[in-house]
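Engineer: Just a sequence and a predicted model for now, questions to come.
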Amino acid sequence: MVKVSVIIPVYNVEQYLKQCLDSLLGQTLEDIELICINDGSTDSSLEILNEYANKDERVKIFDKENEGQGVGRNIGIKNATGEFIAFVDPDDWVEPDMYEKMYNQAKTLNSQVVFCDYKKVQEWDGKITIPHIFRKAVSLTKSKPIKVPVGQNIKKPILYNSFLVAPCQAWNGIYDTKLVKENAIRFADFRCFEDVMFIVRTIVLAQNISYLNSVLYNYRIRKTSTLRANEERYIDLINITKAVKDYLKKQGLMDDFESNFEYFCVSNIYRVYATMTVEDYRRNLLELCEEVLDEHLLAELQKKILCSVKVWKNLILHPQNFKQQLENDFYLRKYLNR
């Protein structure tokens with residue numbers, strides 16, 4: 001039986017794809033399948049996929065028109081046959097024992113979801129950073145970081161108090177296929193931020209979630225990111241923010257997530273705003289923000305736009321200060337009156 005179904009949406013990545021596929025087919029856990037969704041590539045990506053499929057029956061290809069990663073991943077979920085589902089971006093690669101370690105922990109702890117650490121590798125200079133997001137997750141309502149337990153399942157309050165501070169990406173985890181399919185957990189049909197609802201619903205619905213403190217996924221940072229190359233997609237951010245807000249309210253969890261949801265909103269909206277070079281897009285983004293943010297958060301966002309880059313970077317690097325800054329009248333006056 002297939003233990004892990006690895007879903008890879010592929011679009012114009014001919015220069016990276018072989019490294020990605022080699023790292024997956026060379027896994028110490030051999031009972032895996034690679035579900036590759038060719039998303040209308042116009043380069044040689046499909047030819048590379050066919051080459052690998054001809055050599056290894058574990059490689060399965062689905063060819064479709066270009067619709068984005070979210071749609072491609074959902075096709076992969078529909079066709080997955082493994083006990084667990086995993087996701088890999090085609091310009092990234094994984095360590096040889098990634099899925100063996102994660103699968104073994106899932107079975108040992110009866111975890112429906114297992115997350116691991118990852119490293120960022122800058123394409124242009126090879127610089128490596130390791131976020132360790134799950135080693136000391138931040139709670140915006142606590143003065144000190146919350147220590148996420150290793151080797152045991154994480155209690156819900158820890159997840160709810162910290163998770164939205166962490167980047168909502170799917171590729172550094174494995175997910176119980178039954179959990180995903182029976183609850184119809186899917187990715188948004190967006191080209192950006194498509195991971196967010198998948199992760200939020202997963203951590204709400206999963207009974208057991210654990211963390212493996214090993215750096216097993218390699219995330220390649222390319223010079224041209226999706227956000228920078230496609231400024232119009234700020235609408236995806238607004239739509240996903242609305243979706244998260246509505247879902248948490250429907251589940252009666254907004255109070256549990258409140259401070260973290262605030263940080264999620266303000267930090268992501270500002271991050272997109274800061275990368276925009278077209279003033280009309282910036283104005284449109286701020287107008288759309290009025291639909292999802294209350295006056296309190298709009299004021300906080302305006303403060304971020306007015307404050308210096310140094311102050312903003314400090315906030316991003318030390319999000320535990322966010323709650324204190326919200327409550328600091330001097331801080332608000334200083335930046336709103338500039």
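Structural biologist: Right, received. Where do you want to start? All values derive from a computational prediction rather than experimental measurement.
Engineer: Isn't Y118 up against N172?
Structural biologist: Yes. Counting by Cβ atoms under 8 Å, Y118 touches N172, with 4.7 Å between them. Glycine gets a C-beta too; all of them are placed from N, C-alpha and C.
Engineer: who touches both of those two?
Structural biologist: L216, Y217 (Cβ atoms under 8 Å, 6 or more residues apart in numbering).
Engineer: In the chain, spot the helix with the most residues.
Structural biologist: helix 254-275 (DSSP state H).
Engineer: after that helix comes which helix or strand?
Structural biologist: helix 279-289 (DSSP states H and E).
Engineer: Packing partners of that next one?
Structural biologist: Applying 3 or more Cβ pairs under 8 Å, 6 or more residues apart in numbering; DSSP states H and E, we find helix 279-289 packed against helix 234-250, helix 254-275, helix 295-306.
Engineer: That one to helix 254-275, inter-axis angle?
Structural biologist: Angle, helix 279-289 to helix 254-275, by axes from the mean of the first three to the mean of the last three Cα atoms, to 10 degrees: 170 degrees.
Engineer: in helix 279-289, what counts as buried?
Structural biologist: Within helix 279-289, the residues that count as buried by 16 or more other Cβ atoms under 10 Å are Y281, R282, N284, L285, L286, L288, C289.
Engineer: In CSV: the residues you listed, plus pLDDT and distance to L248.
Structural biologist: CSV is the format used below for those (pLDDT from 0 to 100; distance: Cβ to Cβ, whole Å):
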residue, pLDDT, distance to L248
Y281, 76, 27
R282, 73, 27
N284, 77, 25
L285, 75, 22
L286, 73, 23
L288, 73, 19
C289, 75, 18
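Engineer: Mean confidence (pLDDT) on the lengthiest strand in the chain, please.
Structural biologist: Assignment by DSSP state E gives strand 209-221 as the longest strand of the chain. On average, the pLDDT along strand 209-221 is 93.
Engineer: Restrict that strand to CA atoms and write it as CSV.
Structural biologist: These are the backbone C-alpha positions of strand 209-221, laid out as CSV (Å, rounded to 0.1, in the frame of the first residue of the first chain):
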residue,chain,number,x,y,z
ILE,A,209,-1.0,17.1,15.3
SER,A,210,2.7,16.7,16.1
TYR,A,211,6.0,18.5,15.2
LEU,A,212,9.2,16.9,14.1
ASN,A,213,12.2,19.2,14.9
SER,A,214,14.2,18.2,11.8
VAL,A,215,15.0,20.3,8.8
LEU,A,216,13.7,18.2,6.0
TYR,A,217,12.4,20.5,3.3
ASN,A,218,14.4,22.9,1.1
TYR,A,219,12.5,26.0,0.0
ARG,A,220,14.2,27.8,-2.9
ILE,A,221,13.8,31.6,-3.0
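Engineer: Give me the buried positions along that strand.
Structural biologist: Quick answer for strand 209-221 (16+ other Cβ under 10 Å): I209, S210, Y211, L212, S214, V215, L216, Y217, N218, Y219, R220.
Engineer: same thing with stretch 190-206?
Structural biologist: 190-204, 206.
Engineer: May I ask which two of those are separated the most?
Structural biologist: Distance extremes for those: the farthest pair is R191 and A206 at 26.4 Å, using Cβ to Cβ.
Engineer: Show the pLDDT at the residue most central in space within the chain.
Structural biologist: Geometric centre of the chain, nearest residue: Q169, 1.3 Å, by Cα atoms, centre = their mean. Q169 is assigned a predicted lDDT (pLDDT) of 86.
Engineer: where does the nearest residue to it once chain neighbours are set aside fall, phi/psi-wise?
Structural biologist: With sequence-adjacent residues excluded and distances taken as Cβ to Cβ, 6 or more residues apart in numbering, Q169 is closest to D195, at 5.1 Å. Backbone torsions for D195, taken as degrees, to the nearest 10, come to phi -80, psi -30.
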